[in-house]
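S.K.: Kindly return the folded structure for what I paste below:
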Amino acid sequence: MINTGSAVKCNNDHGLSPDGTRLAVSDQSVGGSSRIYVLPAGGGTPVRVTESAPSYWHGWSPDGTTLAFCGERNGEFDIYTIPASGGEERRLTTAPGLDDGPDYSADGRYIYFNSERTGRMQVWRMKTDGSDQEQVTTDEFNNWFPHPSPDGKWIAYLSYGGDVKGHPENKDVSLRLMPVGGGEIRVLAKLFGGQGTINVPSWSPDSQSIAFVSYRLAEP
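M.R.: As a prediction, the model looks like this:
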């Protein structure tokens, strides 16, 4: 167990900085609404990064200076960035509907995310200033939480059936892998999971493995 100080209601949106020295967590200890904190990777005192809530961490920039997150403001969920040391948040998406799951490309040029703006949840990407937003996947699935590999070659993401709204738990889902430049999409695993399976980055540093969570229902 890692000592996260006063942040004692952490949710599943958390992750290590690129240099492995810091941990970003999303915690609901204050008012029951998620805010983002940063603390030493080995444990310590959390420092609040986002003032507004709810805010759910999803990605570190490769240089460790900036956090990407999903935030709800005035009833709309959008993609934001903020300095890892705290400061003013920057809104990057404004399309009606849910935008979620931002994660940086390995070269720091793009942020990949998922959006339902075209009617079904699909993978999108944009430059880190929010410009040039473009759709990456177009299929019959609802695609969530795209994660670029550290070597810059692959995008791993979670796919629900076309009839599933949101990212609920206890669903039959697939982990899928696509080349960054486009091409054949491979199914890495079919599993029972959903919420929490691969919400945040989980590639190994050598881009050879991915950590994920699958479920098994308890016997009555």
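S.K.: Would you map out the domains in the protein?
M.R.: 1-91, 94-220 (automatic domain parsing).
S.K.: Output stretch 68-76 as CSV, nothing but the C-alphas.
M.R.: Output of stretch 68-76 as CSV, limited to C-alpha atoms (Å, rounded to 0.1, in the frame of the first residue of the first chain):
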residue,chain,number,x,y,z
ALA,A,68,-4.4,15.8,-19.3
PHE,A,69,-7.7,15.0,-17.7
CYS,A,70,-11.5,14.8,-18.2
GLY,A,71,-13.5,17.4,-16.4
GLU,A,72,-17.2,18.2,-16.0
ARG,A,73,-17.9,21.9,-16.1
ASN,A,74,-21.4,23.3,-16.5
GLY,A,75,-22.8,19.9,-17.3
GLU,A,76,-20.3,19.1,-20.1
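S.K.: Contact partners for residue 82?
M.R.: 36, 49, 50, 66, 67, 69, 88, 89, 90 (CB atoms under 8 Å, 6 or more residues apart in numbering). Quick note: C-beta positions are derived from backbone N, CA and C, even for glycine.
S.K.: I'd like to know which of these is nearest to residue 172.
M.R.: Closest approach between the contacts of residue 82 and residue 172, by CB to CB: residue 69, at 28.4 Å.
S.K.: returning to what we had before: for the domains of the chain, could you give me CSV that also reports mean pLDDT?
M.R.: CSV is the format used below for the domains of the chain (pLDDT from 0 to 100):
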stretch, mean pLDDT
domain 1-91, 97
domain 94-220, 97
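S.K.: That concludes my questions; thank you for your assistance.
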